[in-house]
Every structure is written in C-alpha cells, then in structure tokens.
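J.: Got a predicted model here, sequence first, then my questions.
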2 protein chains.
Amino acid sequence: MSQATTGAAPATAPYAATDRTVPTRSRERASYDREVVHAILDEAYVCHLGFVRDGAPVVLPTLYGRVGERLYVHGSTGSRPLRAAGQTDPGLPVCLTVTHVDGLVLARSAFHHSINYRSVVVHGIAYQVTDPEEKSAALDALVDHVVPGRAADSRPGDAKELAATAVLRLDLAEVSAKIRTGGPNDEPEDLTLPYWTGVVPLTRGYGAPIPADDLDPAVALPEYLSAL
Amino acid sequence: MSQATTGAAPATAPYAATDRTVPTRSRERASYDREVVHAILDEAYVCHLGFVRDGAPVVLPTLYGRVGERLYVHGSTGSRPLRAAGQTDPGLPVCLTVTHVDGLVLARSAFHHSINYRSVVVHGIAYQVTDPEEKSAALDALVDHVVPGRAADSRPGDAKELAATAVLRLDLAEVSAKIRTGGPNDEPEDLTLPYWTGVVPLTRGYGAPIPADDLDPAVALPEYLSAL
C-alpha cells in the first residue's frame, strides 16, 4: 500500500517492544517484524476494537483499512467509539486486535490443547481524521480492504456521506504479532498414551458470488471477484 | 451442554436488554434470544476478551468454553488478565466478543459496502473459579469447545496442571447478538450504476488432520475428527 499519505519513507526496522507488547507468556511466539504484522492485518476482514466507556471495557468488531503505518476504522458519527473519540481530548485510548485461527491443536493431555493462530495487537490513541484528503484515502483503504481494487470500481462517497462518516486513525507504533504454529507439545511421559494427537487445519474459502436481486444481468462479474 | 453446574433450570426467556446491549446503530440487527447467542458462541474457536489495565483497554484473543449460561476462559496463573481478576475485588470487568464473518457485501456505492456477520458481545464481571469441581468442568468445556467429545478422549489435568491454570467465569447476563445478512442496501438513485453488486460468501472448512510426528501409527483417527 502507498506510504504517500504518511509523509515519511517506509519504515523497515521492527516495531520497538514496550511493556505492553512483550507477552508475559510464550514470548518466543511474539514478533515485531513489520512485514509479519502487515500481512496478518491485511488478511483479516474485521478487527476487534477495544475502548473504555464509563470505566468498563467495550470490544466491538469492525472493518478497518491500512495505509502504510496507519490503521483506519470508520463508523457513523453517532456511533459510540466515534463519538467518544471526538469528545476525548487528545484522542481515544484503544486496543485493536486481529486474529486468524489456523488450526486446532490436539494434544494427548487436556492441558496442552491449543490453537494455531496469528494475531496482532495494536495499542495506541485513536484520533478523528479531519483532513478531507486523508479521510477520503482512508475510506478507499477501508473498501479496498474488503476487496482489493473495489474502491475504484464503485461510486465514491458524496459530501453528505462523507459528513455522516467518522474515521479514526490509529498509528502502528506500539504493536506486536503473536504466532503459534506446529504440533502439540505433550509431556515426555505422555507420549505413549493411546490418544490421537496432531493438528486439524482450519481453512477459509470463498463461495460463488451471489448477485444482488436488482443487478442488471448485463453487468459482468469483475475479475477481482472471479479471481478470489 | 449441561446446565448441571449452574444449579438452575435452563432459562428460556430472552436476555434483558440494557443500555450497554442496545446498539446505537442498526438496532434491527440486535438479538437477545438465548439460542441465537449460544449458537454463535458455540461455533467460534476464539473470543476477544477486553479488560482495562492502567486505565487503557487491552483486547486479547483467547479460547473459551460454555456451560449453560456461563462462559469460561483460562490461562496461566501468571497471565495478565488472570492475575488482574485474582487481584481485583470483586472481580474483573470484562467485555467478551465473538464474531463470525459470513460474507463480503459489495454495494454500488463505497458508502454501503459492508460485511455479513454474526457477533455476540458479553459485558460483565469475570471471577476466578476456586471450586475444584466447577474448575474441572470448565476445563472440560474448554477442551470440548475445540472439538466436542475430546475432553473424554485425552489425559485429564493432574493436580499440578490444575494448580497452574487459572479459570475465569463470566455469566451470560448482559449479552446481545448482532447479525447482518442479505445483500447490499444501495440508494435508489444508485440502482442503475454499472457496478457489479452482491455478496461474496466466506466459508470455513477443515483440512485433513495432520498426525503428530511421534504419533503411534496404530492409533486411529477418532470418529469425532473424521466427521469434521
């Protein structure tokens, strides 16, 4: 994705680890590599956005987009986190988490059952985007996150729609990935127990696109969809 | 699942809506039906657990299990949320969210792009489980949540493993589901625009089980796995 709107050359150094991004458990699963983090973020469709309201945590699933080292989420200007970000000076503390579940890990012992997964956790302050150009680029990124290439093949938002949509920006600064791969880690004394052990992979696929009832049959399925 | 450990007859009335569980947007997508909520919870593998640490939100993916109207999450006694719940009196305020992404909704306008999804959001206080029987049943539920039937076909936790594992309980009380289905909702004036519009379904499947390298070839694949 373009780095143009970040106004900086692409960063290549790993993200700096902080107290919040060093896990207390299984530290060997943590990664601060930018490409690893970007790949996990780009592959998912929704993130889970956490914020604090009246002292209690709230976690909501939401679409997001990435432009370089910035993430964007959007919503109605009337939605709770968007209102909260607008009301909070200097921004809304959030935690944005994305997780892929890749496999079920069946150990011989109940204790060592696990999941193969790839997750990214981003801590930071979300700010309302007020610059019209950045907002427009963020909304394109949100649509292209659903299907790459789609923003250019749909009607852009008009002034009324843009005004009704609030966009939050979260910089990728305090961020880490955590990844578990491979088979079970049974205890040596359990290796001869008579239970099947291994991994059941989970896969994700696409069904055949379902045209809207009111789609003009003359409109062909675009290549970016037939290629999925 | 068994209601035995809850000590109460199965509840059938919908969950009571509260200020936190009535969405500010798209209220017609909300459901408080227990069967709807249970089905969404039982189908997912990980939840996103939110809590507050040092005034900031934290959202972590984690396994969970359900026993009737109670959810359980577990972790090392050294992990952050588990420690926090143990230290907090009278418990740890959490928000536990589960989301399925069912389809990509491509509207003619960028503004109306969306996702078909099913989510459950649970607000409440998580408590450390101290009763040994409840803890054991919770850990069975966590393993059976990964693969139903697996808890009975693996080595149960021993005293040392149980002592190293903390379990949090969260009652299903302040809870709602939110569901979007169907096609795009384009504006009437956009219906003749020349963009393909409809839904791309997302599917989840299972790959062939991968036996652990050290699995005795004489151990057959159990039926609960071949049936996936």
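T.: Done, it's in.
J.: Give me the three-state assignment for A:Pro201.
T.: Classification of A:Pro201 using DSSP: H, G, I helix; E, B strand; the rest coil returns strand.
J.: Could you report the pLDDT at A:Val59?
T.: We have a pLDDT of 97 for A:Val59.
J.: For the closest residue to it other than its chain neighbours, list the residues it contacts.
T.: Spatially, and ignoring its direct neighbours in sequence, A:Val59 is nearest to B:Gly50 (3.7 Å; CB to CB, 6 or more residues apart in numbering or on different chains). Just so you know, the C-beta spots here come from the backbone N, C-alpha and C atoms, and that holds for glycine as well. Residues near B:Gly50 by CB atoms under 8 Å, 6 or more residues apart in numbering or on different chains: A:48, A:50, A:57-59, A:95, B:57-59, B:94-97.
J.: Now with 6 Å, please.
T.: A:Gly50, A:Pro57, A:Val59, B:Pro57, B:Val59, B:Cys95 (CB atoms under 6 Å, 6 or more residues apart in numbering or on different chains).
J.: How many neighbouring residues does A:Gln128 have?
T.: Counted by other CB atoms under 10 Å in any protein chain shown, the residues lying close to A:Gln128 total 18.
J.: rewinding a little: which residues does the residue nearest to A:Val59 bridge with?
T.: B:Val59, B:Cys95 (DSSP bridges).
J.: Do you know the pLDDT at it?
T.: Reported pLDDT for B:Gly50: 97.
J.: go on, A:Leu142?
T.: 96.
J.: Just give me the neighbour total for it.
T.: By other CB under 10 Å, 23 other residues sit near A:Leu142.
J.: Wasn't it part of a strand?
T.: No. With three-state DSSP as the criterion, A:Leu142 is assigned helix and is not in a strand.
J.: Please list all residues in contact with it.
T.: By CB under 6 Å, 6+ apart, the contact list for A:Leu142 reads A:Leu63, A:Gly65, A:His74.
J.: how deep is the second one tucked in, by neighbour count?
T.: Looking back up the chat, that one is A:Gly65. Neighbour count for A:Gly65, taken as other CB under 10 Å: 24.
J.: picking up where we left off before, export the contacts of B:Gly50 to a markdown table and tack on distance to A:Thr203?
T.: Formatted as a markdown table, these follow (distance: CB to CB, whole Å):
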| residue | distance to A:Thr203 |
| --- | --- |
| A:Gly50 | 28 |
| A:Pro57 | 32 |
| A:Val59 | 26 |
| B:Pro57 | 32 |
| B:Val59 | 25 |
| B:Cys95 | 29 |
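J.: any idea which of those residues is closest to A:Ala137?
T.: A:Gly50 (25.1 Å; CB to CB).
J.: Pull up the gap between that closest one and B:Leu49, please.
T.: Going from A:Gly50 to B:Leu49 by CB to CB, to the nearest Å gives 9 Å.
J.: per-residue confidence at the residue lying farthest from the centre of chain A?
T.: Note on chain A: the largest C-alpha distance from the chain mean falls to A:Thr192, namely 40.6 Å (CA atoms, centre = their mean). We note a pLDDT of 94 for A:Thr192 in this prediction.
J.: And for A:Asp89?
T.: Note on A:Asp89: pLDDT of 63.
J.: For A:His100, which residues are in contact?
T.: Applying CB under 6 Å, 6+ apart to A:His100 gives the contacts A:Arg118.
J.: How about A:Pro57?
T.: Listed by CB under 6 Å, 6+ apart, the contact set of A:Pro57 reads A:Gly50, B:Gly50, B:Phe51, B:Val52, B:Pro57, B:Cys95.
J.: and what of A:Val46?
T.: By CB under 6 Å, 6+ apart, the contact set of A:Val46 is A:Pro61, B:Thr99, B:Val101.
J.: ok, and the most crowded of these?
T.: Neighbour counts for the contacts of A:Val46 (other CB under 10 Å) peak at B:Thr99, which has 26 neighbours.
J.: count of neighbours near the closest residue to A:Leu225 other than its chain neighbours?
T.: Excluding the flanking residues, the one nearest A:Leu225 by CB to CB, 6+ apart is A:Pro209, at 5.4 Å. A:Pro209 is flanked by 19 other residues according to other CB under 10 Å.
J.: A:Pro209 reaches A:Tyr224, doesn't it?
T.: No. A:Pro209 is not in contact with A:Tyr224 according to CB atoms under 6 Å; the separation is 10.8 Å.
J.: Overlap of the contact sets of those two?
T.: In terms of CB under 6 Å, 6+ apart, A:Pro209 and A:Tyr224 are not both contacted by any residue.
J.: Can you report how many residues neighbour A:Leu63?
T.: When neighbours are counted by other CB under 10 Å, A:Leu63 registers 20.
J.: tell me the helices in chain A, going along the chain?
T.: According to DSSP state H, chain A carries its helices in the segments A:34-43, A:80-87, A:132-146, A:159-164, A:223-226.
J.: Mind giving me the packing neighbours of the first one?
T.: In other words, helix A:34-43. Using 3 or more CB pairs under 6 Å, 6 or more residues apart in numbering or on different chains; DSSP states H and E, the elements in contact with helix A:34-43 are strand A:114-128, strand A:174-180.
J.: Of all the ones you listed, which one is nearest chain B?
T.: strand A:114-128 (5.1 Å; CB to the nearest CB).
J.: hmm, back to that, just name the closest of the contacts of B:Gly50 to B:Glu161, please.
T.: For these, the nearest to B:Glu161 is B:Val59 (27.1 Å; CB to CB).
J.: correct me, but that closest one touches A:His48?
T.: Yes. Counting by CB under 6 Å, A:His48 is a contact partner of B:Val59 at 5.4 Å.
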